[in-house]
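K.L.:
no FASTA, just this:
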């Protein structure tokens, strides 16, 4: 599983976050846990395979926002650690 963090310039409010989340979901339908923060200027999501970063950048650029960077790393689900 992979976690992708996209740094984005231009998000100002919650609706901006929703536009970015929609663009990510349309560009990468298998993306899960899609979240965005206009305060941090980033979006993140999980995928089973490495995402198409060029297609993702194009989809976000078409919404009028600027992609500053895209970082994809291996993601390991963390358990509760009780046992």
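P.N.:
In hand now; what should we look at? Just so it is clear, the structure is predicted and the values come from calculations on it, not from any experiment.
K.L.:
how about residue 48: what's its closest non-neighbour residue?
P.N.:
Using Cβ to Cβ, 6 or more residues apart in numbering and skipping the chain neighbours, the partner closest in space to residue 48 is residue 1 (5.9 Å). C-beta: built from backbone N, CA, C; applies to glycine.
K.L.:
so the one you found sits against residue 78, correct?
P.N.:
No: in this structure residue 1 lies outside contact range of residue 78 using Cβ atoms under 8 Å: 11.8 Å.
K.L.:
now the chain, which segments are flagged as low pLDDT?
P.N.:
Counting by pLDDT under 70, the chain contains low-confidence ranges at 79-83.
K.L.:
can you list the neighbours in contact with stretch 8-21?
P.N.:
If you take Cβ atoms under 8 Å, 6 or more residues apart in numbering as the criterion, stretch 8-21 is touched by 34-38, 41-43, 60, 63-68.
K.L.:
of those residues, just the buried ones, PyMOL syntax please.
P.N.:
Entered in PyMOL, the line below selects the buried ones among the contacts of stretch 8-21, by 16 or more other Cβ atoms under 10 Å:
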select buried, resi 34+36+38+42+43+60+65+67
